[in-house]
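**Student:** sequence plus predicted model, see below.
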Amino acid sequence: MLDIDFVRSQFPAFSEPSLQGQAFFENAGGSYTCAPVIDRLTRFYRERKVQPYSHYTASRLGGEEMDEARARLAALLGVETDEVSFGPSTTQNTYVLAQTFRQFMSPGDAIIVTNQDHEANTGPWRRLADEGFEVREWKVDPETGHLDTDDLEDLLDEKVRLVCFPHCSNVVGEINPVLEITALCHAAGAFVCVDGVSYAPHGFVDVGQLGPDIYLFSSYKTYGPHQGIMAIRRALGMLLPNQGHYFNADSLYKRFTPAGPDHAQVAACAGMADYMEALGAHHGVGASGAHDLMRDHEVRVLQPLLDAVKDRNSVRLIGPSDAAVRAPTVALALNRSGEEVAAELAGHGIMCGGGDFYAVRALEAMGVDMDKGVLRLSFVHYTSEDEVTKLIEALDAVL
């Protein structure tokens, strides 16, 4: 089992006096930062805050730290080093991708998107309809929020060049079968872009094994700094039109970064790998085993919360009630404003949020009253059983 005391010792927030007595349940909006990231970021700003990749020591070391971050994250993700690139956010990375596909595709080509996504992985693609391309929508079940692969098969044909879908939704929470969906799309001749922002905090995945051509996530949700990280496989990346400076066209990790990345934050991302390796080593499973450790803990701690809310009067649980098939991102549609209830929960030491969380299309498709939105309760592997118990008691008090 996960050593929760060891885990929490790696996050300075848990020893911060101003946060004592409060339980953090808005992790889907951004996680606490682990100590190795903070240490690396501080060191870079103190010692390496110069233009990197020159010959003097501070510059050379800064460049080496940036290269280290890319290499170690690539190893965690099961891809080649230059298949990992950084940008200011996943939203911005997706807009750049949409621009390059606009140039790459031909009249009559189609893209498939879902209405389960956060707007960042559906809005940029939908705008390609203005350029004359066909945009097809893979729709959720209006009762459950589930994406049925049979419905996807009905949308696939020889015109489809790209299929975009989330690893899991930031409100539905159900974990989509990326391997199966990717295989279907590749068999139909389509490329695959997966939004992993809402899944990656629950364990880095082996992108090489799952098979998508593009996998996107945000490091500020995986215990790191505010960066968007993209793994794009070389076969596709070198085929798409270059979006970077023309003289960087031969460098895969620069092709989709029109602006220079934040040097310090890129370097600090190596701290995420430090943490995963330390977590694996402490439990004797290695960095590759950290994913299962994290998920097993989350599933065990999540189920009591799902059981507590699924049959409650005037509460609609969005997504499945089985913790094994979903991430611990729990959206509840209530008979009053989600933001209002979140404000009441703050008085009980619960930090959470209410609203639409940029998942307007998904919530509207499921008939949620958008004037009320949802209450979202989200956590990760550093959340303890005691904190979930505190949350359930607080919900009893306010609902």
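**Tutor:** Yes, it's here.
**Student:** so residue 41 makes contact with residue 262?
**Tutor:** No. Assessed by Cβ atoms under 8 Å, residue 41 is found out of contact with residue 262, at 10.2 Å. No exception for glycine: its C-beta is placed from N, CA and C like everyone else's.
**Student:** residues contacting residue 226?
**Tutor:** 88, 89, 218, 219, 220, 265 (Cβ atoms under 8 Å, 6 or more residues apart in numbering).
**Student:** now those: which count as buried?
**Tutor:** Among these, those classed as buried by 16 or more other Cβ atoms under 10 Å are 89, 218, 219, 220, 265.
**Student:** still on that earlier bit, okay, the contacts of residue 226 in JSON lines with distance to residue 48 next?
**Tutor:** Putting the contacts of residue 226 into JSON lines (distance: Cβ to Cβ, whole Å) gives the following:
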{"residue": "88", "distance to residue 48": "20"}
{"residue": "89", "distance to residue 48": "23"}
{"residue": "218", "distance to residue 48": "23"}
{"residue": "219", "distance to residue 48": "18"}
{"residue": "220", "distance to residue 48": "21"}
{"residue": "265", "distance to residue 48": "12"}
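**Student:** for these, which one is nearest residue 317?
**Tutor:** residue 218 (25.5 Å; Cβ to Cβ).
**Student:** how does this structure divide into domains?
**Tutor:** According to automatic domain parsing, the chain is divided into the following domains: 4-32+287-398, 41-273.
**Student:** neighbour count winner among residue 41 and residue 262?
**Tutor:** residue 41 (19 against 16; other Cβ atoms under 10 Å).
**Student:** and the nearest residue to residue 159 once chain neighbours are set aside, how many neighbours does it have?
**Tutor:** Residue nearest to residue 159 in three dimensions, not counting chain neighbours: residue 110, with 4.4 Å by Cβ to Cβ, 6 or more residues apart in numbering. Neighbourhood size, residue 110 [other Cβ under 10 Å]: 20.
**Student:** now do residue 290
**Tutor:** By other Cβ under 10 Å, neighbour count at residue 290 equals 24.
**Student:** in this structure residue 98 contacts residue 129, no?
**Tutor:** No. Using Cβ under 8 Å, residue 98 makes no contact with residue 129, being 11.3 Å away.
**Student:** looking at those two, which has the bigger crowd around it?
**Tutor:** The neighbour comparison of residue 98 against residue 129 (other Cβ under 10 Å) goes to residue 98, with 20 against 11.
**Student:** which strand or helix spans that one?
**Tutor:** helix 90-104 (DSSP states H and E).
**Student:** rewinding a little: anything in contact with each of residue 41 and residue 262?
**Tutor:** Common neighbours of residue 41 and residue 262, counting by Cβ under 8 Å, 6+ apart, are residue 225.
**Student:** so which residues of the stretch 201-350 of the chain form strands?
**Tutor:** 214-218, 228-232, 315-317, 329-334, 350-351 (DSSP state E, counting those that start in this stretch).
**Student:** of the ones you listed, which approaches residue 302 most closely?
**Tutor:** strand 329-334 (7.6 Å).
**Student:** ok, for residue 47, nearest residue in space, not its chain neighbours?
**Tutor:** residue 58 is the one closest to residue 47 (Cβ to Cβ, 6+ apart), at 6.4 Å.
**Student:** check residue 132 too.
**Tutor:** residue 107 (5.9 Å).
**Student:** from residue 119, how far out is that neighbour?
**Tutor:** Here residue 107 is placed at a distance of 26 Å from residue 119 (Cβ to Cβ, to the nearest Å).
**Student:** and the two? Which one has more around it.
**Tutor:** Shown here are residue 107 and residue 119; by other Cβ under 10 Å, residue 119 has more neighbours (17 against 8).
**Student:** what pLDDT does the more buried one get?
**Tutor:** We have a pLDDT of 96 for residue 119.
**Student:** residues touching it, list them.
**Tutor:** 358, 359, 360, 361.
**Student:** now with 6 Å, please.
**Tutor:** residue 358 (Cβ atoms under 6 Å, 6 or more residues apart in numbering).
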